[in-house]
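**Q** Okay, sequence plus prediction incoming.
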Amino acid sequence: MGIIIALLVFGLIVTVHEFGHFICAKLSGIKVLEFSVGMGPKLLQTKKGETKYSLRLLPIGGYCAMQDEDNSSDDPRGFRNAKLWKRMLVLFAGPLMNFVLGFILIIGMVCSMDSIPTRTVEGFYGKKDDSGNTTYYSSSHETGLEYGDKFLEVDGIHIFSYLDLSYIFATTKTHTHDVVVERDGKKVELEDVKFLDKRDNDHVDFCLVYRGKNPLNVTKCSGGVFMSMGHMVGMSLKQLVTGKVEKEEVSGPVGVVTTISEATEKSENKQDAFLQLFYMSALISINVGIFNLLPIPGLDGGRLLFCFIELVRRKPVKPEHEGYVHLAGMALLLGIMVIATYNDIARLITG
């Protein structure tokens, strides 16, 4: 059941991306030849007007094929004959739809919570004795953090939501951090704050303020989580480029589906399953949106880069030259996909 849900989610993310290109091309008057969900052999196909609609066997991709994407012709409705701003909108519409889907999924995740976490410290772990004195287990309270502090930065990383705190504490080995908080309406810098629960050596030794659910709180928290997820994706891409992530850690569609499936199947109850599903789906959708905007040939960002070059040069790059660049980019991406899929299958075999 988990695999089926994961495949449906992955298919939804890809379909929404391609639908962004499709609907924007239609509204711009560009001729769309085919809108396909999935890759590989056709399972179903129908034609309405000038456009074919296809469902294909492998739910690992999809495409929106437009007239004259990679060559020039005299067709006034061809992609390359459309105005530059229309072409740029069509290319950007795919990632934009991923961001919209991600935000909607985050709202679903936040609505699934019993209450909404903030960035404000409510209290610290400790124990009162018979005299009313408190012995704190929380090192952060002893090293500068106080009740009511609102997290703004940790080690120079902006804190958009509780998710940033979770990510930082989960990915760093040190317990000592430089923190910037808002205290009594003023920005306060705290150096060498030690986050350590003395009972179990956990990083998180404080409690956050939780608020009730209402439209304002849900929207505010969802916006913060959206920014946090985008930030997390950006930091992960930076680690990948700088070599801090080993090639064995790179995951592809198989790994994504497996991760979603495991997250839902291992949940303790339906509420937790929904939270995990919304979280993973939103993160992947935002990841797809950001990745596609990278200026890599073959991706939307690579095509947008050529649009910016055309904007500066006041004339387009020759289609055949641009085609060669995109072909090389697609070959590179295909190589990365092969490595990622190999890693995914190897992890499935070895457990």
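**A** That came through fine.

**Q** from here on, contacts and neighbour counts on C-alpha atoms
**A** OK.

**Q** okay, and for this structure, where does confidence drop off?
**A** Applying pLDDT under 70 to the chain picks out residues 1-3, 132, 243-268, 336-351.

**Q** Residue most distant from the centroid, it?
**A** Largest separation from the mean C-alpha position in the chain: Ser131, at 50.3 Å (Cα atoms, centre = their mean).

**Q** Assign it to helix, strand or coil.
**A** Following DSSP: H, G, I helix; E, B strand; the rest coil, we place Ser131 in the coil state.

**Q** what do you get for Gly223?
**A** Under three-state DSSP, Gly223 comes out as helix.

**Q** coming back round to it: can you tell me how far the residue farthest from the centre of the chain is from Tyr147?
**A** Separation of Ser131 from Tyr147 (Cα to Cα, to the nearest Å): 21 Å.

**Q** What is the burial count for Leu311?
**A** If you count neighbours by other Cα atoms under 10 Å, Leu311 ends up with 13.

**Q** Contacts only, for it.
**A** Leu84 (Cα atoms under 8 Å, 6 or more residues apart in numbering).

**Q** mind checking the SS state of Ser281?
**A** State at Ser281, reduced to three classes by three-state DSSP: helix.

**Q** Was I right to think it contacts Phe103?
**A** No: applying Cα atoms under 8 Å as the test, Ser281 and Phe103 come out as separate, 10.4 Å apart.

**Q** Would you agree Gly38 falls within a helix?
**A** No: assessed by three-state DSSP, Gly38 does not belong to a helix; its assignment is strand.

**Q** That one and Glu146, how far apart?
**A** 52 Å.

**Q** For these two, work out which one has more neighbours and name it.
**A** Set side by side, Gly38 and Glu146 show more neighbours around Gly38, with 21 against 17, by other Cα under 10 Å.

**Q** List the buried residues in stretch 165-180.
**A** Buried positions in stretch 165-180, judged by neighbour count with 16 or more other Cα atoms under 10 Å: Leu165, Ile168, Phe169, His175, Thr176, His177, Val179, Val180.

**Q** Quick check: the second one is in a strand.
**A** No: when classified by three-state DSSP, Ile168 is found to be helix rather than part of a strand.

**Q** ok, now which ones touch it?
**A** Contact criterion Cα under 8 Å, 6+ apart gives no residues in contact with Ile168.

**Q** what comes up buried for stretch 71-90?
**A** Applying 16+ other Cα under 10 Å to stretch 71-90 flags Arg77, Gly78, Phe79, Arg80, Asn81, Ala82, Leu84, Lys86, Arg87, Met88, Leu89, Val90 as buried.

**Q** Likewise for stretch 19-30?
**A** The neighbour-count check on stretch 19-30 (16+ other Cα under 10 Å) flags Phe19, Gly20, His21, Phe22, Ile23, Cys24, Ala25, Ser28, Ile30 as buried.

**Q** Which of the three states applies to the second one?
**A** If I follow you right, that is Gly20. Applying three-state DSSP: Gly20 is helix.

**Q** Nearest residue to it in space, please, no chain neighbours.
**A** Nearest non-adjacent residue to Gly20, counting by Cα to Cα, 6 or more residues apart in numbering: Gly94, 4.4 Å away.

**Q** now the helices for the stretch 201-350 of the chain?
**A** Taking DSSP state H, counting those that start in this stretch, the helices of the stretch 201-350 of the chain run over residues 215-241, 253-265, 270-292, 300-313, 319-350.

**Q** would you turn those into JSON lines with distance to Tyr136?
**A** Below are the helices of the stretch 201-350 of the chain laid out as JSON lines (distance: least, Cα to Cα, whole Å):
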{"stretch": "helix 215-241", "distance to Tyr136": "30"}
{"stretch": "helix 253-265", "distance to Tyr136": "34"}
{"stretch": "helix 270-292", "distance to Tyr136": "31"}
{"stretch": "helix 300-313", "distance to Tyr136": "51"}
{"stretch": "helix 319-350", "distance to Tyr136": "42"}
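
**Q** Select, out of the ones you listed, the one closest to Ile4.
**A** helix 253-265 (8.0 Å; Cα to Cα).

**Q** before we move on, the earlier item: okay, the helices of the stretch 201-350 of the chain, which one's buried deepest?
**A** Among those, the stretch with the highest mean neighbour count (mean count of other Cα atoms under 10 Å) is helix 270-292, at a mean of 21.

**Q** Other residues contacting it?
**A** 9-10, 13, 17, 94-99, 101-103, 105-106, 108-110, 112-113, 229-230, 233-234, 260, 263-267, 299-301.

**Q** any idea how far Asn217 lies from Tyr210?
**A** Going from Asn217 to Tyr210 by Cα to Cα gives 10 Å.

**Q** Find residues that contact each of these two.
**A** Ile116.

**Q** and stretch 152-161, how far out from the chain's middle?
**A** Stretch 152-161 sits 18 Å away from the centroid of its parent chain (Cα atoms, centre = their mean, to the nearest Å).

**Q** same thing with stretch 301-314?
**A** Computed by Cα atoms, centre = their mean, the chain-centroid distance of stretch 301-314 equals 25 Å.

**Q** Stretch 43-57 now?
**A** 29 Å.

**Q** just the strands in the stretch 1-150 of the chain please.
**A** Ranges of strands within the stretch 1-150 of the chain are 32-48, 51-66, 116-124, 126-128, 134-136, 150-154, based on DSSP state E, counting those that start in this stretch.
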